[in-house]
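> Next comes the sequence, and after it the predicted model I'd like to discuss.
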Amino acid sequence: MTSYQPGQPADPGDAAPAPPARLGRYQLLGKLAAGGMGEIHLARLDGDGGFEKLVVVKRLLPELVASPQYVAMFLDEARLVARLSHPNVCEVYEVGRDGAEYFLAMPYLEGVSLAELLGRPRDHDRPRHLRFVAGLIVQAAEGLHHAHELCGKDGGSLGLVHRDVSPSNLIATTAGVTKVLDFGIAKVRGATARTEVGTIKGKYAYMSPEQVRGDELDRRSDVFALGIVLFELVTHQRLFRRPSDFLSAKAILEEPIPRADAVDPAVPRKLADVIARALAPEPDARYPTARELGAAVAAATPGGAMAAAELAEVLAQDHATELSEQRTRQQRVLAAHRGGATAPTVSLGPRRRRRALPWALAALAAGSAAAFVVWQTGAPAATTAPTDAGADAVADAAPATDAAPAVDAAAAPDAAPAPAAAPVRRGTVSIDSTPYATIYLGRRELGVTPLIEVPLPAGRHRLRAVLEDGRQQRFTVDVRAGRLAPPVNLAW
């Protein structure tokens, strides 16, 4: 897989042909991600009277256009998502073809992913947190229920199963609306492109037992996956995350599932009962529909689930800095193109690169989860380009804004007397990865993800993530003294 991170220019050594400046009605502003089947671009739709709208365009890779199988897969995704019309599902504006190019146009979403919420410190106001989580999950359940109820032209159920319900595919927008993303590996009756029998797709840590086994799936598999997300959000503990996909699958199939109130006594018993039923190993013991799960969550949460307006207020309070920077970035990109300048691929330079584009990656709502590097709001830009391990420790001499620079003894003049040792100013950062990765600072191993509030000296640090199969990513974190840096969420 070729990984491409938002916030960085394209690799000059990439032999792939340059994307067109336009696709249909859309002006492409910058590439956000690329993978096995397609590319994700930030784009603009222009209209009369100065009208303009930011969108996200997914483009099928040109080398795959000649393959009937890949075109069929792309169009199956497009037809499926284009038929979903619900406030809690990321919609498709247009399915188009421009010459030999196939593309989808979707909304540019501003907000935060539920994966980022997991990477943040636990909210000390537990009642508010539980109501907040309940509000997000109830909406996600409604979006999934709409997808599960989708019917074909003959009026019969399509039997749609998302198969990749996970925190990174659930976005809380600034309007307080949860959006379900990435139906790229969803399975429906009568798809033109068929998945081979026994093929397993999705994130292992969020699979149902029957999905791990490669059995036939129905909507109750998505209910189980949403139950995992709910468990993790209310307890702030990972349920099936293990150092490898194999161990995650083994845990799902063999290990007893703990009750949420046993992991965190602050979880009300009734809510823990709901979670336990959603996570029943046998599908017949679970809630039969996502809607019923959502209703049970709302009823079991003290004070009830937050409505959209209250969710929006909490997001605005807790994520004000990130959301403000997103809006600023958006305006800079647009201003650069209005002035005729060539904007770098949605890059703000090294000091602001740690926050990738907002959920413009909502375009992944129609892309394969296995094919794209998914970047949550707040995640730093990263690169898989190989470099010497010893060069990772500090990539930039300049420290992070408001952070004290790391002490460099080698930079001190030889003649200067040695000053009294000053205490090293430190901050912390949380790092997660799908799948698990070992994180290094230079040659020093920090541990295996998820890493929660790891202390690091204040300044800018170059880190390296390594999977068991040897694949690597490099990324930069800005650590401020006495502060928790924006969480890093890596995907491969």
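Alright, I've got the coordinates.

> Restrict the helix or strand that contains residue 145 to CA atoms and write it as PDB.
Element membership of residue 145, judged by DSSP states H and E, is helix 126-148. In PDB, the C-alpha atoms belonging to helix 126-148 read as follows (Å, rounded to 0.1, in the frame of the first residue of the first chain):
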ATOM      1  CA  ARG A 126     -18.500  11.600  34.300                       C
ATOM      2  CA  PRO A 127     -22.300  12.200  34.100                       C
ATOM      3  CA  ARG A 128     -21.700  14.800  31.300                       C
ATOM      4  CA  HIS A 129     -19.400  12.400  29.600                       C
ATOM      5  CA  LEU A 130     -21.900   9.500  29.700                       C
ATOM      6  CA  ARG A 131     -24.600  11.700  28.300                       C
ATOM      7  CA  PHE A 132     -22.200  13.000  25.600                       C
ATOM      8  CA  VAL A 133     -21.200   9.400  24.500                       C
ATOM      9  CA  ALA A 134     -24.900   8.300  24.600                       C
ATOM     10  CA  GLY A 135     -25.800  11.200  22.200                       C
ATOM     11  CA  LEU A 136     -23.100  10.200  19.800                       C
ATOM     12  CA  ILE A 137     -24.000   6.500  19.900                       C
ATOM     13  CA  VAL A 138     -27.700   7.000  19.500                       C
ATOM     14  CA  GLN A 139     -27.200   9.000  16.300                       C
ATOM     15  CA  ALA A 140     -24.600   6.500  15.000                       C
ATOM     16  CA  ALA A 141     -27.200   3.700  15.600                       C
ATOM     17  CA  GLU A 142     -29.800   5.600  13.600                       C
ATOM     18  CA  GLY A 143     -27.400   6.000  10.700                       C
ATOM     19  CA  LEU A 144     -26.600   2.300  10.700                       C
ATOM     20  CA  HIS A 145     -30.300   1.400  11.000                       C
ATOM     21  CA  HIS A 146     -31.000   3.400   7.900                       C
ATOM     22  CA  ALA A 147     -28.300   1.600   6.000                       C
ATOM     23  CA  HIS A 148     -29.500  -1.800   7.300                       C
END
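
> helices and strands around that helix, which ones?
Packed against helix 126-148, as judged by 3 or more Cβ pairs under 8 Å, 6 or more residues apart in numbering; DSSP states H and E, are the following elements: strand 170-173, strand 178-180, helix 219-235, helix 290-300, helix 308-318. In this view, the C-beta of every residue, glycine as well, is placed from N, C-alpha and C.

> one more time with 7 Å, if that's ok
Using 3 or more Cβ pairs under 7 Å, 6 or more residues apart in numbering; DSSP states H and E, the elements in contact with helix 126-148 are strand 178-180, helix 219-235, helix 290-300, helix 308-318.

> what comes into contact with the following helix or strand past the longest one?
In other words, helix 219-235. Towards the C-terminus, the helix or strand next in line after helix 219-235, according to DSSP H and E, is helix 245-254. Under the criterion Cβ atoms under 7 Å, 6 or more residues apart in numbering, residues 204, 205, 207, 209, 212, 240, 241, 242, 435 lie in contact with helix 245-254.

> Please apply the same query to stretch 206-216.
Around stretch 206-216, the neighbours that count as contacts under Cβ under 7 Å, 6+ apart are 163, 165-166, 198, 200, 202, 217, 221, 224-225, 228, 249, 252-253, 281, 283.

> quick check, nearest of the residues you listed to residue 120?
residue 166 (16.9 Å; Cβ to Cβ).

> what sits against residue 428?
For residue 428, the contact set (Cβ under 7 Å, 6+ apart) comprises 453, 454, 455, 484, 485.

> show me where pLDDT drops low in this protein?
For the chain, the stretches flagged by pLDDT under 70 are 1-19, 33-36, 50, 184-202, 326, 329-330, 332-334, 336-424.

> for this protein, what spans make up the helices?
Using DSSP state H, the helices of the chain run over 68-83, 114-119, 126-148, 209-213, 219-235, 245-254, 260-263, 269-278, 290-300, 308-318, 320-338.

> Using TSV, please lay out those helices together with mean neighbour count.
Formatted as TSV, the helices of the chain follow (neighbours: other Cβ atoms under 10 Å):
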stretch	mean neighbour count
helix 68-83	19
helix 114-119	24
helix 126-148	23
helix 209-213	19
helix 219-235	25
helix 245-254	17
helix 260-263	18
helix 269-278	20
helix 290-300	22
helix 308-318	15
helix 320-338	15
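
> out of those helices, nearest to residue 445?
For the helices of the chain, the distance to residue 445 is smallest for helix 245-254, at 19.0 Å, taking Cβ to Cβ.

> So what angle separates the directions of that closest one and helix 219-235?
For helix 245-254 and helix 219-235, the angle between their directions (axes from the mean of the first three to the mean of the last three Cα atoms, to 10 degrees) works out to 100 degrees.

> Please compute how far helix 245-254 lies from its chain's middle.
When C-alpha coordinates are averaged (Cα atoms, centre = their mean, to the nearest Å), helix 245-254 and its chain have centres 22 Å apart.

> I'd like the helices of the chain laid out as CSV, including distance to residue 445.
As requested, those are exported to CSV (distance: least, Cβ to Cβ, whole Å):
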stretch, distance to residue 445
helix 68-83, 39
helix 114-119, 20
helix 126-148, 33
helix 209-213, 30
helix 219-235, 25
helix 245-254, 19
helix 260-263, 28
helix 269-278, 34
helix 290-300, 39
helix 308-318, 32
helix 320-338, 29
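
> What is the burial count for residue 455?
Here the number of neighbours of residue 455 (other Cβ atoms under 10 Å) works out to 11.

> Tell me the one of the contacts of residue 428 nearest residue 24?
Using Cβ to Cβ, residue 485 is the member of the contacts of residue 428 that sits closest to residue 24, with 39.8 Å.

> Most neighbours among the contacts of helix 245-254, please name it.
The most neighbours of any of those, using other Cβ under 10 Å, belong to residue 207, which has 28 neighbours.

> And that residue, how far from residue 170?
From residue 207 over to residue 170 the distance is 16 Å, taken as Cβ to Cβ, to the nearest Å.

> is it true that residue 160 touches residue 149?
No. At 8.4 Å, residue 160 and residue 149 do not qualify as touching, with contact defined as Cβ atoms under 7 Å.

> Who has more neighbours out of those two?
More crowded of residue 160 and residue 149, by other Cβ under 10 Å: residue 160, with 25 against 15.

> quick revisit: let's have the helices and strands packed on helix 126-148 in CSV, adding distance to residue 109.
Output for those, formatted as CSV (distance: least, Cβ to Cβ, whole Å):
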stretch, distance to residue 109
strand 178-180, 6
helix 219-235, 18
helix 290-300, 21
helix 308-318, 12
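
> I'd like to know which of those lies nearest to residue 440.
Shortest distance between residue 440 and the helices and strands packed on helix 126-148, using Cβ to Cβ, is found for helix 219-235: 25.9 Å.

> by contact count, what packs against that closest one?
Helices and strands touching helix 219-235, by 3+ Cβ pairs under 7 Å, 6+ apart, are helix 114-119, helix 126-148, helix 260-263, helix 269-278, helix 290-300.

> quick one on the thing from earlier: which members of the contacts of residue 428 are classed as buried?
The neighbour-count test (16 or more other Cβ atoms under 10 Å) applied to those identifies 454, 485 as buried.

> closest to residue 317 among the contacts of residue 428?
Out of the contacts of residue 428, the one with the shortest distance to residue 317 is residue 484. That distance is 16.3 Å, counting by Cβ to Cβ.

> got the contact list for that closest one?
The neighbourhood of residue 484, defined by Cβ under 7 Å, 6+ apart, consists of 121, 427, 428, 453.
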